[in-house]
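Trainee: Show me the folded form of this:
(2 chains)
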Amino acid sequence: MAASSTTNFSARPSGRASTFWQRLRSGDDIAYVVTLTCALTILAITALLVFELYKNSAVPRHQFGWSFLVTTTWDPVAGQFGALPFIYGTVVTSALALLMAIPLGVGAAIFLAELAPMRISNALTFLIELLAAVPSVIFGLLGIFVLVPALVSIEPAIRSVLGWTPLFSGPFYGVSIFSAGVVLTVMIIPFIISISREVILAVPAEQRDGALALGATKWETTWNVVIPFAKKGIMGSIFLALARSLGETMAVTMVIGNEPKIHQSLFAPGYSIAAVIANEFAEATGDLYLGALIELGLVLFGLTIIINGLARVLVLTTTKKGAI
Amino acid sequence: MLSLRRKTVNAVMLSLTGVCTVLAVGTLLFILGYLFLHGGTSLTLDFFTKLPKPVGEPGGGMANALLGSAKLLLLASCIGVPIGFLGGVYLAEFGGSSFSFVVRYTTDLLNGVPSIVIGIFAYTLIVLPQGHFSTLAGGLALGVMMIPIAIRSSEDFLRAVPVSLREGAMALGASKAKTILTVVIPAAKAGLLTGIMLNLARVAGETAPLIFTAFGNRYWSPGWEQPTAALPVMIYTYAISPYPDWKQQAWSAGFVLLMLVLAINVFARMILSKGGHAAR
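Mentor: Presented below is the predicted three-dimensional model:
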């Protein structure tokens, strides 16, 4: 936030009117205390959130310790809980999504900021921001009934190009880590586009003029001058998008296949942290099972906090605008 | 002179960025068109007025889910809007210290917490002690999700009110509280309202935190203490069901939800662009 627009009235209403009743009548102290309480509430809620996650995951934390994070067996019946397949699924689907969304998103942001006339650019950005407002369960719906069949039909083409790598081997039933990655790509692109566009628009015109005057083409100017100038902000948008995709639940749950195993192939089904919580939480019985799911929530919380923190630092330093 | 190679690279790369844009915008249009074709065309009045039918019987609607969603949103607003709005007033009008930095940072962190984790939070606070799912728990989850967005949007819109207005009121002898109440908030009214609308549109589509708080219900859910159906959860349950009837209804429900969310978004943004001094 631009700190310069802060009003310069004293931060605390001065209590020159000395008696309690006089101060109360002016209302300043009341307003201060009431709003401060609400501001404190948010700190309290966040603290309580961390506390509840920590407290309620005590049973599995004591029983498994750190091995919870690195073992691969998830067997509620036998009371064995290892989080690795879920962490793997979450990280790999998000990485896949970034791999596809970064070129597409940054490309579109370049077009909207550098090439399109302002009116058209604003109109298209409006549409793209609407895409960001589409609820994730709708993406899931389209994922199951449109994307998965479509991927099954183009699978031979993908295989003929990339089939030589172990990443695209084995049978493909449609629901897979790969499908989840594609759905996530569509979901995070709007964030990359709208923030990157703003960052690119914030690059001073002199930077471009200088390069163009030296005889660089429009693309050379964009690629060698504008993008490096806006690099940090674009990185920030990517981290924000990453945080989104790590925590995305419904769309992933509906297309990832929900199998708690680590397969080498991206065409194989997998599972993500958010998906297993969504699927098993309501039916989990016993302190250990429930605690293990809550501990997964704690892991997810930690992951997104770290990524978000990085993102905000990067975006703040370039645009002075906290974005989203 | 430009070499041919440089010219070609220029043309190719610039057109590629255009292709990226077309792909992104095309996806949205595809989603809209597809949902309209598959959901909109089979939408009947029954959808809005009838209860779900048992498996195998055709027809039926999702009236209980629509009412359930409305109740959840009402409850969420009662929690999220006052706390968020007053917190925003604090940051915009009384803030400026390192304490407000801490509040702002925490707000951003809370905003980044995945919705399913907020769901666990509501579960441990209400469902676990009470021993049953309820509208109350679902409303709390959505309410907590509303707070950070409400704080940031109200802070932004209050800050967009020119300082001169405040100074004018103070010069006339109004106290600070009176200035905020009678000058600043009315001046920011349109922005504050659109902020709330966008916030509601966002949580209206949330599914993950409701699965194990509001849970779902095939019948009406009287009061606040029982599990309730909600539109997004219905879409999820119906979509992954093995019954063609249900899948078709999932499309209709998806269409209704999408239209609702997009309409609020378009409407809110139109008000904002008319309002002139539009902070984000």
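
Trainee: And for residue 43, the neighbour number?
Mentor: Just going to use chain A. 16 (other C-beta atoms under 10 Å in any protein chain shown). Placement of C-beta: from N, CA and C, glycine included.

Trainee: Chain B was what I was after
Mentor: 18.

Trainee: longest single helix anywhere in chain B?
Mentor: Using DSSP state H to define each element, chain B has its longest helix at helix B:4-38.

Trainee: now the following helix or strand past it, how far from the chain's geometric center?
Mentor: The element immediately downstream of helix B:4-38 (helix or strand, assigned by DSSP states H and E) is helix B:45-49. Relative to its chain's centre, helix B:45-49 lies at 24 Å (C-alpha atoms, centre = their mean, to the nearest Å).

Trainee: Only the buried residues of the helix or strand just after helix B:45-49, if you could.
Mentor: Per DSSP H and E, the first helix or strand lying C-terminal to helix B:45-49 is helix B:63-89. For helix B:63-89, the neighbour count (16 or more other C-beta atoms under 10 Å in any protein chain shown) marks B:63-69, B:71-73, B:75-77, B:79-89 as buried.

Trainee: What helix or strand is the residue positioned nearest the centre of chain B located in?
Mentor: Centroid-nearest residue in chain B: residue B:202, 1.4 Å away (criterion: C-alpha atoms, centre = their mean). Using DSSP H and E, the element containing residue B:202 is helix B:189-204.

Trainee: how about the CA coordinates for the helix or strand that that helix is followed by, as PDB?
Mentor: Following helix B:189-204 in sequence order, the next helix or strand is helix B:208-211 (DSSP H and E). The C-alpha trace of helix B:208-211 is given here as PDB (Å, rounded to 0.1, in the frame of the first residue of the first chain):
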ATOM      1  CA  ALA B 208     -13.600 -27.600  -0.100                       C
ATOM      2  CA  PRO B 209     -14.200 -26.100   3.300                       C
ATOM      3  CA  LEU B 210     -17.900 -27.100   3.300                       C
ATOM      4  CA  ILE B 211     -17.400 -30.800   2.600                       C
END
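
Trainee: what mean pLDDT does helix B:208-211 have?
Mentor: For helix B:208-211, mean pLDDT rounds to 95.

Trainee: That one vs chain A: in contact?
Mentor: Yes: counting by C-beta under 8 Å from any C-beta of the partner chain, chain A has neighbours in helix B:208-211: B:208, B:211.

Trainee: what does that helix rub up against?
Mentor: A:136, A:249-250, A:274, A:278, A:281-282, B:72, B:114-116, B:118-119, B:122, B:138, B:141-142, B:145, B:230, B:232-233, B:236 (C-beta atoms under 8 Å, 6 or more residues apart in numbering or on different chains).

Trainee: Work out the gap between that helix and the centre of the chain.
Mentor: 14 Å.

Trainee: ditto for stretch B:166-183
Mentor: For stretch B:166-183, the distance to the chain centre is 33 Å (C-alpha atoms, centre = their mean).

Trainee: what does stretch A:197-209 give?
Mentor: With C-alpha atoms, centre = their mean, you get 26 Å for stretch A:197-209.

Trainee: Tell me the buried residues in that stretch?
Mentor: Those would be A:197-201, A:203, A:208, for stretch A:197-209 by 16+ other C-beta under 10 Å.

Trainee: Which residue does the stretch 51-200 of chain A have closest to chain B?
Mentor: Residue nearest to chain B within the stretch 51-200 of chain A (C-beta to the nearest C-beta): residue A:135, separated by 2.5 Å.

Trainee: how many other residues sit next to that residue?
Mentor: For residue A:135, using other C-beta under 10 Å, the count is 25.

Trainee: what's the closest non-adjacent residue to it?
Mentor: Nearest non-adjacent residue to residue A:135, counting by C-beta to C-beta, 6 or more residues apart in numbering or on different chains: residue B:205, 2.5 Å away.

Trainee: What of residue B:198?
Mentor: That would be residue B:268: by C-beta to C-beta, 6+ apart, it lies 5.0 Å from residue B:198.

Trainee: Now do the contacts for the one you found.
Mentor: B:194, B:197-198, B:201 are the contacts of residue B:268 under C-beta under 8 Å, 6+ apart.

Trainee: With pLDDT added, can I get the buried residues of stretch A:197-209 in a markdown table?
Mentor: Supplementary listing: the buried residues of stretch A:197-209 in a markdown table, determined by pLDDT from 0 to 100:
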| residue | pLDDT |
| --- | --- |
| A:197 | 95 |
| A:198 | 93 |
| A:199 | 92 |
| A:200 | 94 |
| A:201 | 94 |
| A:203 | 93 |
| A:208 | 94 |
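
Trainee: Looking at those, point me to the pair that's furthest apart.
Mentor: Spatial extent of those (C-beta to C-beta) is set by the pair A:198 and A:208 at 16.4 Å.

Trainee: which residues does residue A:56 contact?
Mentor: A:290-291, A:294, B:124, B:128.

Trainee: follow-up on the earlier one: in helices, which of the contacts of helix B:208-211 fall?
Mentor: Judged by DSSP H, those include A:136, A:250, A:274, A:278, B:72, B:115-116, B:118-119, B:122, B:138, B:141-142, B:145, B:232-233, B:236 as members of helices.

Trainee: Over the longest helix of chain B, what's the mean pLDDT, rounded is fine.
Mentor: Per-residue scores along helix B:4-38 average to 92.

Trainee: circling back: surely the residue nearest to residue A:135 meets residue B:233?
Mentor: No: assessed by C-beta atoms under 8 Å, residue B:205 is found out of contact with residue B:233, at 10.9 Å.

Trainee: what about those two, which has more around it?
Mentor: residue B:233 (29 against 21).

Trainee: who's in contact with the more buried one?
Mentor: Per C-beta under 8 Å, 6+ apart, neighbours of residue B:233: B:65, B:207, B:210-211, B:214-216.

Trainee: Identify, from these, the entry nearest to chain A.
Mentor: residue B:207 (4.4 Å).

Trainee: At the contact with chain B, which residues of the stretch 51-200 of chain A appear?
Mentor: Checking the stretch 51-200 of chain A against chain B by C-beta under 8 Å from any C-beta, the hits are A:52-53, A:55-56, A:103-105, A:107-108, A:110-112, A:114-116, A:124, A:126-131, A:133-138, A:140-142, A:144-146, A:186, A:189-190, A:193.

Trainee: Give me the buried subset of these.
Mentor: Applying 16+ other C-beta under 10 Å to these flags A:52-53, A:56, A:104-105, A:107-108, A:110-112, A:114-116, A:124, A:127-131, A:133-138, A:140-142, A:144-145, A:186, A:189-190, A:193 as buried.

Trainee: quick one: secondary structure of residue B:222?
Mentor: coil (DSSP: H, G, I helix; E, B strand; the rest coil).

Trainee: Contacts for whatever helix or strand residue A:153 lives in next, please.
Mentor: Residue A:153 is part of helix A:148-162 when elements are defined by DSSP H and E. Helix A:148-162 is contacted from outside by A:168, A:172-175, A:178-179, A:182, A:255, A:267, using C-beta under 8 Å, 6+ apart.

Trainee: Excluding sequence neighbours, find me the nearest residue to the residue of the stretch 151-300 of chain A found nearest chain B.
Mentor: Nearest to chain B, among the residues of the stretch 151-300 of chain A, is residue A:247, at 2.6 Å (C-beta to the nearest C-beta). Leaving aside its sequence neighbours, residue A:247 sits nearest to residue B:114 (C-beta to C-beta, 6+ apart; 2.6 Å).

Trainee: Wait, that neighbour touches residue A:304, no?
Mentor: Yes: using C-beta under 8 Å, residue B:114 is in contact with residue A:304, at 5.8 Å.

Trainee: and these two? which has more neighbours close in?
Mentor: residue B:114 (24 against 21).

Trainee: what's the spacing between the more buried one and residue B:223?
Mentor: Look at residue B:114 and residue B:223: by C-beta to C-beta, to the nearest Å, they are 30 Å apart.

Trainee: neighbours of residue A:290, just the number please.
Mentor: 22.

Trainee: From residue B:79, how far off is it?
Mentor: When residue A:290 is compared with residue B:79 (using C-beta to C-beta), they lie 25 Å apart.
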